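Novice: After the sequence you'll find the predicted model.
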Number of protein chains: 2
Amino acid sequence: MMSRMWWSLVTAAAVVLVGCGGNGGGPSGGAAGNGDAQAIAAARGLTPDDVTAALKTYMPTGRHDDYIMFSSGGHSGQVFVIGLPSMRLIRSIAVFTPEPWQGWGYGVGDEILEAGYVNGNELSWGDTHHPALSETNGDYDGEYCFINDKANARVAVIDLKDFETKQIVKNPIANNDHGGTMVTPNTEYIIEGGQYATPLGNEYAPIDEYNESYRGMVTLWKFDRSAGRIDESQSFALELPPYWQDIFDAGKLASEGWIFGNSFNTELATGGIESGNAPFEAGASQRDADYLHIIDLPKAEAAFRAGKTSKINGFAVISLDTCVKEGILFFAPEPKSPHGVDVAPKGDFIVVSGKLDPHVTIYSIDRIKQAIADKNWEPDQYGVPVLDQDAVVEAQVELGLGPLHTQFDDKGYAYTSLFLDTAVARWTLGGDYESLNPDVAWSLVTKIPVHYNVGHIAASEGDTVSPDGNYLVSLNKWSVDRFFPPGPLLPQNFQLIDIAESGDKMQLLYDMPIGIGEPHYAQIVKADKLSPWTVYPEIGWDPLTQKVDSNAAKAGGERVVRQGRNVDIYMTAIRSHFTPEHVAINQGDHVRWHITNVERAEDATHGFALPAHNVNLSLEPGEAVTFEFDADQAGVFSYYCSEFCSALHLEMAGYLMVKPTAL
Amino acid sequence: MMSRMWWSLVTAAAVVLVGCGGNGGGPSGGAAGNGDAQAIAAARGLTPDDVTAALKTYMPTGRHDDYIMFSSGGHSGQVFVIGLPSMRLIRSIAVFTPEPWQGWGYGVGDEILEAGYVNGNELSWGDTHHPALSETNGDYDGEYCFINDKANARVAVIDLKDFETKQIVKNPIANNDHGGTMVTPNTEYIIEGGQYATPLGNEYAPIDEYNESYRGMVTLWKFDRSAGRIDESQSFALELPPYWQDIFDAGKLASEGWIFGNSFNTELATGGIESGNAPFEAGASQRDADYLHIIDLPKAEAAFRAGKTSKINGFAVISLDTCVKEGILFFAPEPKSPHGVDVAPKGDFIVVSGKLDPHVTIYSIDRIKQAIADKNWEPDQYGVPVLDQDAVVEAQVELGLGPLHTQFDDKGYAYTSLFLDTAVARWTLGGDYESLNPDVAWSLVTKIPVHYNVGHIAASEGDTVSPDGNYLVSLNKWSVDRFFPPGPLLPQNFQLIDIAESGDKMQLLYDMPIGIGEPHYAQIVKADKLSPWTVYPEIGWDPLTQKVDSNAAKAGGERVVRQGRNVDIYMTAIRSHFTPEHVAINQGDHVRWHITNVERAEDATHGFALPAHNVNLSLEPGEAVTFEFDADQAGVFSYYCSEFCSALHLEMAGYLMVKPTAL
């Protein structure tokens, strides 16, 4: 019996689709007739699962995605914005790396990039790792995105009104980080944990003084939401032992006020393969356990406010001794060499994966609090209380080889990436979640293979107090044979997995090559939580201050003003001309060039390219930009609009004439 | 009667697919059951056309695309590699803009980028316009890709063995270009035409000397295929009148040996809206006709070889007078303000679109040759012969508003983008192509709307002597409402169109947002014409020279060598350690750091990040890189592998210890 529901939903052409028409199209891929879905699927060798996946991910023209994923760009230094379920790359947001399409570092945002330099040395890239969306009551609120730079220990703030980077702060005490940038449940703090221990404050010490002179750290950056900026004066760091800290997560609900991190190399290995020592990969993997870090944030804040800090490079640091004395820092043994430390939606459990142990280990916040109250601990070599493992562990679940990171859904499941199995495991939570999956708490449900070598995974709203389920993205590090090889540097592979159904059903929907960076982690938010501007609110808008620049060029007020050797150019851009079209100056002048895009139409972006000067702007509707340079090159330079803005776009140009000093 | 063909092709699960099963899944998108294609399509509101498109573009995991598109990245400065029909971005190739994921400009390729600087001024971006694939006998041969930088008049060479940029040449006489980088049929020359006239050689002249001191140009870069490089010594330029040249194409087959270009602003407008003059958009659009440029390449080569050149900045230039005297340069009137000049597959016709005229104008090479033989011309104000329009035009076809660029297929059709209609027109060629579409030569067949404001279009193998048909990509400049808006800067929109069927059938298959640049033009090659390496041929490979570097670090030969203040570090990378792991030097040393990735496995890429030094390498299997720096910062810097290469990737690190001068 044919179902009739379908006929009422689509037009008569669907007769062909559901197989009651003839095979009008030929069997070759290109020649199959429109509508002849069977013939197309057959000719292309698609299986029924492929057909399902194709239909679940396809977006007809104009259809918007349901979810937006903010993905780190890895060592591209950027953040990628990807729609789900289509897996289309909607935008790369320039963060740590100059990017001329956005004008970023080519006249736009230069001062933000410069704020991230180290001792005046230009840093024009970053290794972005863990983007984190701002939260309100533990749920993504769609206002900001934060991201860290592992290579240089920096944190950036992106405003999701215009998807542009507004701030880069350099960590004053560390030269690398890793465990950023998860936030506390109301975005009071952005967490930045270190990675490879070094002498704090970028001091020098030889490696044989490792135990006494090298240190780990975690920094708590205070976020001022009304200003949209990190407030460095209200931020502080904790000195940690020279274990290599990995990743941190903030507690929420049951664990609000606590911060959890993990670590490896509690062996204090210092490497030196060239001298016959164990290389780090072996030396840092000798002990059975490393240490889960447990931080009491209110006590840390109290110590900071009470001035129980020292200053390193002018930045407030709570010493390791103070951390111990004030009850700020505790450890708990965790399976060695862990990657993930992920707090379950209700805040009750903390899931840790030791990548060399086939289990995930689940800690209970209630048990942790009790162990602290009971002083059920032994100090480590630095005096930090190490809680009794049996007292704090709720459960262990055997999943497979190389467990790394865990995400959560709305059905009481957790998902853990398995690097060596190259798979994603679904398993059941216990405790308060057990009612969702009775009688099977803390057990593996199923695994789905991924291609290949998954690092992080991201589930829709998967880091919040109310995950959505529906989709999970596997951030695979290797693609090997999945795509046409564009030379020896292969793309990474994002795989979209359907997790909407319960039980052992998880379907691979889509392979997305990432050939513009190596993403590390991602967060996925419902699209309707975001409220981006599509044009700037008013003409003359300065995206740096997010208000009108009173000095912006205005229509009718275009002019060139000279004061001695300083020349101010006030220019407007509109389809299809710049005003003025001639700028005549002298070699040696210092130029401040102010340009305003006076358009109000969506997508009416203009570029401004100045040959030989390394200047290119992207001026979105309403945007005003000022850039400066010394006119040290004589000659004639044809500036032009570098966005194809209209039919007469090629005519949108002008001449900068720089008269030689000799004339 | 149900077709049974389907049943034999897929498994029993297909029963559900073709509509004879129940609606097991619910109507909500996420909850529809696997395999229940009807319910999914219905729940997602997909039309039969959407279903067709979804099936034609979907790639199951591991399936490779049939075609590879090389797209300019516009003012991102890069080249994008995209698979068809999936429209997946496989890779961005770093060209003019430093890109740290590839290490480009961060220790890799620095000398290539530096070769593109102007007078020692750093240029770290480009406005890439027209990628061109190398050709043999007028067909893409899959060996090289060329691309120009409009902003700074540069041309780059990409080797398709490893998809890496090998050379950037700066045009010595111009500071901007546009009409690059189409090639002659055996890639003897790469064409680079200018755009905005300036005094050649970057001399200074005020705008009121425009007619006599400003000039256009076209440069013919000689390509040495055996070296894989442009040979600047065998290259030369032609001086052209200060009309603004737009785009060039090389003749082929019937027109081999000829080069065609177009121009606008034959009005010699100089703008100056701020002084009450007509802005360029109006001033450059006053005359009814501009000039098609027709260049006799053998005669130009003969003049160059005979030394009938002058030198500008050391570069050979054939003067405008010599061009006229030697019969090298001819003009023909063309509808005003043209964009495209496209040579048909047999080389017999040249299609020009004047964007302010609703027609395309088709010139015949036979008619052009005859008019030259007949001296059927009048000189323009610079003495260049302007051929009689009636004598050289074969046909005109009215298509719609804003015709720009034309591509060709295997069925006797041409396709022209219509910017103002925001559509792509299909029309019939006449002459020798008429047999494919009898009795309808030179007529509009149909138009398909695109979203929105199409610039260039690209058809599969569409610039060759044997186009494929099958697919056409519309490179749309505006996306407006097509995608979720990632702030005021919207992505561009590539739309994939199925052109496999004849007549009025063209189907829109896919919308691909481009949020990493504004692509200008693209070429599409059959994937099986490319033979990329997936690992470098031997360990110690230098991609710059494409051979083994005898000075590369070798396994077992790792060491640190000091000579005075010069320190050479020889290091290897392998899963999961660098050797050495400790490097101790002194502040003020000059460091040359040699690293070899000694892996042979596909995708076993290692990164090398050096904090605070702006260094990041991408070391593909076998690759050897050397970078240098002055150790001016004292401190301890943890270098590490920035590609997630193994389960023990985090442990792949080491310490650079720079002892302060004071100690």
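Specialist: Cool, the structure landed.

Novice: Identify the residues contacting A:K411.
Specialist: Applying C-beta atoms under 8 Å, 6 or more residues apart in numbering or on different chains, we find A:K411 in contact with A:L436, A:N437, A:G469, A:S502. From N, CA and C alone the C-beta is placed, and that goes for glycine too.

Novice: could you dump those to CSV with neighbour count?
Specialist: Output for the contacts of A:K411, formatted as CSV (neighbours: other C-beta atoms under 10 Å in any protein chain shown):
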residue, neighbour count
A:L436, 16
A:N437, 19
A:G469, 20
A:S502, 15
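
Novice: Helices - which of those land there?
Specialist: Per DSSP state H, helices hold no members of the contacts of A:K411.

Novice: Among those residues, which ones lie close to chain B?
Specialist: A:G469 (C-beta under 8 Å from any C-beta of the partner chain).

Novice: what are the phi and psi angles of the residue most central in space within chain A?
Specialist: Note on chain A: the residue nearest the mean C-alpha position is A:P131, at 2.5 Å, using C-alpha atoms, centre = their mean. Per-residue torsions, A:P131: phi -70, psi 150 (degrees, to the nearest 10).

Novice: still on that earlier bit, turn the contacts of A:K411 into TSV, columns for pLDDT.
Specialist: Below are those laid out as TSV (pLDDT from 0 to 100):
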residue	pLDDT
A:L436	97
A:N437	96
A:G469	96
A:S502	96
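
Novice: Out of the contacts of A:K411, flag the one nearest to B:G45.
Specialist: When those are ranked by distance to B:G45 (C-beta to C-beta), A:G469 comes first, at 21.6 Å.

Novice: Pull the contacting residues for that closest one.
Specialist: By C-beta under 8 Å, 6+ apart, A:G469 lies in contact with A:D409, A:D410, A:K411, A:A459, A:S460, A:I499, A:A500, B:G30.

Novice: picking up where we left off before, relative to chain B, which of the contacts of A:K411 is nearest.
Specialist: Chain B has its nearest neighbour among these in A:G469, at 7.5 Å by C-beta to the nearest C-beta.

Novice: one step back: where does confidence bottom out across the contacts of A:G469?
Specialist: Lowest pLDDT of these: B:G30, 34.

Novice: From chain B, how far out is A:G271?
Specialist: Here A:G271 is placed at a distance of 4 Å from chain B (C-beta to the nearest C-beta, to the nearest Å).

Novice: A:A522 too?
Specialist: Distance, A:A522 to chain B, by C-beta to the nearest C-beta: 14 Å.

Novice: Could you export the contacts of A:K411 as JSON lines, including distance to B:P385?
Specialist: Output for these, formatted as JSON lines (distance: C-beta to C-beta, whole Å):
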{"residue": "A:L436", "distance to B:P385": "84"}
{"residue": "A:N437", "distance to B:P385": "85"}
{"residue": "A:G469", "distance to B:P385": "73"}
{"residue": "A:S502", "distance to B:P385": "79"}
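
Novice: these two touch, right, A:D432 and A:D348?
Specialist: Yes: A:D432 is within contact range of A:D348, at 6.5 Å (criterion: C-beta atoms under 8 Å).

Novice: Neighbour count for those two, which is higher?
Specialist: For A:D432 versus A:D348, neighbours defined as other C-beta atoms under 10 Å in any protein chain shown are more numerous around A:D348 (23 against 14).

Novice: Assign a three-state SS to the closest residue to the more buried one other than its chain neighbours, would you?
Specialist: Spatial nearest neighbour of A:D348, excluding adjacent residues (C-beta to C-beta, 6 or more residues apart in numbering or on different chains): A:A254 at 4.5 Å. Of the three states, A:A254 takes helix under DSSP: H, G, I helix; E, B strand; the rest coil.

Novice: A:A254 against A:P345, yeah?
Specialist: No: counting by C-beta under 8 Å, A:P345 is not a contact partner of A:A254; they are 10.1 Å apart.
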